[in-house]
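1. A predicted structure for the sequence below; I have some questions about it.
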2 protein chains.
Amino acid sequence: MNSTQIILRNNDLKSTPARLAILSFLSEQSAPRDVEDIIVHIANEHETVDRVTVYRILETFVKKGLIKRLEFGEGKYRYELAGDDHHHLICESCGKVEDISDCHISDLEKEISQRKKFLVKRHQLEFFGVCRSCQR
Amino acid sequence: MNSTQIILRNNDLKSTPARLAILSFLSEQSAPRDVEDIIVHIANEHETVDRVTVYRILETFVKKGLIKRLEFGEGKYRYELAGDDHHHLICESCGKVEDISDCHISDLEKEISQRKKFLVKRHQLEFFGVCRSCQR
DNA sequence: TGACAAATGCAACTGAGTTGCATATAATGC
DNA sequence: GCATTATATGCAACTCAGTTGCATTTGTCA
């Protein structure tokens, strides 16, 4: 039993080929992926999973807190493994998404919770601009 | 000629009833609105504007920098007047969106620009959680 | 006030995501 | 192993936000 299977079991989720494929795929990614990326990847692995199943698995994983659902103004969702708190640099020229960490938003979060009496559960911070290679 | 008309003229946009209605509606709002809100508001004012026209006007305004297009994980866009740099508290219980300012992200933006050689043009920061009244 | 570029309305379309329901399958107990 | 059962999947049809093409209307400026 590999680590992906253990994660599923620990979350009361059956180990199915589709779930294992999606979870391990997302584990390998360094930037958030959309549903299309996932379907293409699975097809390349010579497996077949219905789009609907992919949507449902992603929804399940989000609810269990295994992955995060993000939006970068593209009119669709992207998904990444949950875990460390980090943010994104999104290049508006080529669409590349880079991860970035050490943003110390949690101090700000604490301050807001007190000032506004708003119970902050999570936040999302994205920077939009032009990446290094597109600047040339 | 009122201020809304002046804004349109300064941006090389013709003054049409639909544009005036949308721009003045968004000027009055304290939280970002979706397309449905806009259409309902216009209908209440006994005007008729096609949905397509609303979409096109919003796109035009975004391109001109008059308004900002936002996403709060709802699968649709929301719009607000551009201007001061502020962020949002989104209640996951009732859906209410509250504005918040003084977040000093620009220091962080500067630091990232240097460290990552990424030209940051804008950022988006949202806090998700439970608002004051939903906490009771 | 007429010309013309720009804006609008209509209809048809796209693409992401959802729902209902019948079938298949992973986990569990025997 | 094998039957049971809750759960997951596939298919088809649908919804909802937003887009495109094209003909018509309208605001602006000479």
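-> Perfect, I can see it now.
2. rest of the way, CA atoms for contacts and neighbours
-> Will do.
3. buried set for the worst-scoring helix or strand of chain A on mean pLDDT?
-> In chain A, no helix or strand scores lower on mean pLDDT, DSSP states H and E than helix A:105-116, which sits at a mean of 86. In terms of neighbour count (16 or more other Cα atoms under 10 Å in any protein chain shown), helix A:105-116 has its buried residues at A:105, A:109, A:112-113.
4. can you check what angle separates it from helix B:105-116?
-> On the basis of axes from the mean of the first three to the mean of the last three Cα atoms, to 10 degrees, helix A:105-116 is oriented at 170 degrees to helix B:105-116.
5. contacts for whatever helix or strand comes next after helix A:105-116, please.
-> Per DSSP states H and E, the first helix or strand lying C-terminal to helix A:105-116 is strand A:119-130. Contacts to strand A:119-130, defined as Cα atoms under 8 Å, 6 or more residues apart in numbering or on different chains, come from residues A:72, A:87-93, A:109, A:112-113, B:109, B:118-132, B:135.
6. list the buried residues of strand A:119-130.
-> A:119-120, A:123-130.
7. give me the longest helix you can find in chain A.
-> In chain A, taking DSSP state H as the definition, the longest helix is helix A:51-64.
8. that one near chain B anywhere?
-> No - counting by Cα under 8 Å from any Cα of the partner chain, no contacts exist between helix A:51-64 and chain B, the nearest distance being 12.6 Å.
9. show me what that helix is packed against.
-> helix A:17-28, helix A:35-44, strand A:67-71 (3 or more Cα pairs under 8 Å, 6 or more residues apart in numbering or on different chains; DSSP states H and E).
10. same list (those) but as CSV, adding mean neighbour count, distance to residue B:35 and mean pLDDT.
-> Putting the helices and strands packed on helix A:51-64 into CSV (neighbours: other Cα atoms under 10 Å in any protein chain shown; distance: least, Cα to Cα, whole Å; pLDDT from 0 to 100) gives the following:
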stretch, mean neighbour count, distance to residue B:35, mean pLDDT
helix A:17-28, 17, 33, 97
helix A:35-44, 14, 25, 96
strand A:67-71, 19, 18, 96
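11. and DNA strand C, which of those is closest to it?
-> Counting by Cα to the nearest atom of the strand, DNA strand C lies closest to helix A:35-44 out of those; the figure is 5.3 Å.
12. and the residue of chain A positioned farthest from its centre, how far is that from DNA strand C?
-> Distance to the chain centre peaks in chain A at residue A:115, reaching 30.0 Å (criterion: Cα atoms, centre = their mean). The spacing between residue A:115 and DNA strand C, counted by Cα to the nearest atom of the strand, to the nearest Å, is 33 Å.
13. ditto for residue A:87
-> With Cα to the nearest atom of the strand as the criterion, residue A:87 and DNA strand C are 19 Å apart.
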